[in-house]
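*Asks:* return atomic coordinates for the entry below.
(chains A and B)
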Amino acid sequence: MDQTTLLLTVFGVAAVSLAIRAAPLLLLSGRRLPRVMEEMLEYVPAAALAALTMQLLAVREGAVLIAPDDVRWWALLPTIAIAAWRRSMLLTVFLGVALVAGLRLVTG
Amino acid sequence: MSEEAETPRKNGPLRDVARGIGVISPVLMVYTAIGMAYGVLAIDSGIPPWLAVAMSALVYAGTAQLVGVQMIALSLPPVSIIITAAVINARFFVMASGLVPYLRQFSWWQRTLYAMQLTDATFALHIARLPRGNATKTEIYTTNIVGHLVWVGATTAGVIVGQTAENLDAFAIDFAMPAMFVGLLVPLVRDRGQVLVGLGAAAATIGFFAVGASFWTILLATAVGILIGLGADRWAK
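*Replies:* Prediction:
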């Protein structure tokens, strides 16, 4: 991407991030959202994060690749278990990365 | 609470600033760690250092920034990056809606500044504190501004580390972001509906990518997850 496109992208991301946070404060004065919208918003984080995780793991150079020699797949379930056990993002990242580094050392 | 009502509350802007820093202090360590991790990952994904720092200053939303730099590194169309950021940040719409009653005394530009510095952490702090009604504007903005500054500072530090460290792949840095998403996701999953949402969205991601949906995959898979959640709600009733 050239510099202008980069800048426009960052400004665009900044603008929508601000608009979403500011809109309720500036426009709604204590009115509640329709129930079905609240329900939908409740599921956004879980759905988006699961999709993002899967994209990072499964997509290599634009194509789906689920290869058993990619140790990150072997580390995924233990990492989920660590997250469920301690509910700490930092510990999950730390132990997850250590696990993958260890597996790579072992498998060469 | 009763203690504060009996002893006259010490006033003055300096006291408010000190209180504001006190409120945000537990969060600062987390911000430092995540901000640095983001800086390192941003450099690792190949985007220019100034851009990584500019995003922390202007966007100030960790997950959207992490995803944004990945998508920029893949040279995906800007519109798809901006829409994805909007979807990821949609939860802030709910959070901000919950804060509306406590910010009625704020002018429009004060609300805008507040909105810019609304994060998961500051929301948690303020939704616990503002209903008690004894936080001044100085205190509230000190909390927000100190958090924002530490986030930008930690990003800068991470960018410097990312540029000096030679081969980060050896440290399995390419698993740091998936692990971070897992660490954010798993604590959110409190019931069977949310498990179905996560699994459904994950499966849909593979499916949509396999059929060539490329950069719309995340949006489509998120929509599938949401529909599964709504379906699970109806089914359970």
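*Asks:* who touches residue 36 in this structure?
*Replies:* You didn't pick a chain, so chain A it is. residue B:230 (C-beta atoms under 8 Å, 6 or more residues apart in numbering or on different chains). Any C-beta I mention is one placed from the backbone N, CA and C, and that applies to glycine too.
*Asks:* to clarify, I was referring to chain B.
*Replies:* Contact partners of residue B:36, counting by C-beta under 8 Å, 6+ apart, are B:154, B:155, B:157, B:158, B:161.
*Asks:* can you report how many residues neighbour the residue in chain A positioned nearest to chain B?
*Replies:* Across chain A, the shortest distance to chain B (C-beta to the nearest C-beta) belongs to residue A:47, at 2.5 Å. Using other C-beta atoms under 10 Å in any protein chain shown, residue A:47 has 30 neighbouring residues.
*Asks:* mind checking the SS state of residue B:182?
*Replies:* helix (DSSP: H, G, I helix; E, B strand; the rest coil).
*Asks:* picking that back up, contact partners for the closest residue to the residue of chain A closest to chain B other than its chain neighbours?
*Replies:* Distance criterion C-beta to C-beta, 6 or more residues apart in numbering or on different chains; nearest residue to residue A:47, sequence neighbours excluded, is residue B:225 at 2.5 Å. Each residue near residue B:225 by C-beta under 8 Å, 6+ apart is listed here: A:43, A:46, A:47, A:48, A:50, A:51, B:197, B:198, B:200, B:201, B:204.
*Asks:* still on that earlier bit, now whichever strand or helix holds the residue of chain A closest to chain B - C-alpha only, CSV.
*Replies:* Using DSSP states H and E, residue A:47 maps to helix A:35-58. Backbone C-alpha positions of helix A:35-58 (Å, rounded to 0.1, in the frame of the first residue of the first chain) are rendered in CSV as follows:
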residue,chain,number,x,y,z
ARG,A,35,-34.1,-6.0,22.0
VAL,A,36,-33.0,-8.1,19.0
MET,A,37,-30.2,-5.6,18.3
GLU,A,38,-28.9,-5.9,21.9
GLU,A,39,-29.0,-9.7,21.5
MET,A,40,-27.1,-9.5,18.2
LEU,A,41,-24.4,-7.2,19.7
GLU,A,42,-24.0,-9.7,22.6
TYR,A,43,-22.7,-12.3,20.1
VAL,A,44,-20.4,-10.1,18.1
PRO,A,45,-17.3,-10.5,20.2
ALA,A,46,-17.4,-14.3,20.4
ALA,A,47,-18.2,-14.6,16.7
ALA,A,48,-15.7,-12.1,15.5
LEU,A,49,-12.9,-13.4,17.7
ALA,A,50,-13.5,-17.0,16.7
ALA,A,51,-13.5,-16.0,13.0
LEU,A,52,-10.3,-14.0,13.4
THR,A,53,-8.4,-16.8,15.3
MET,A,54,-9.4,-19.3,12.6
GLN,A,55,-8.3,-16.9,9.8
LEU,A,56,-4.9,-16.5,11.4
LEU,A,57,-4.4,-20.2,11.9
ALA,A,58,-5.9,-21.6,8.7
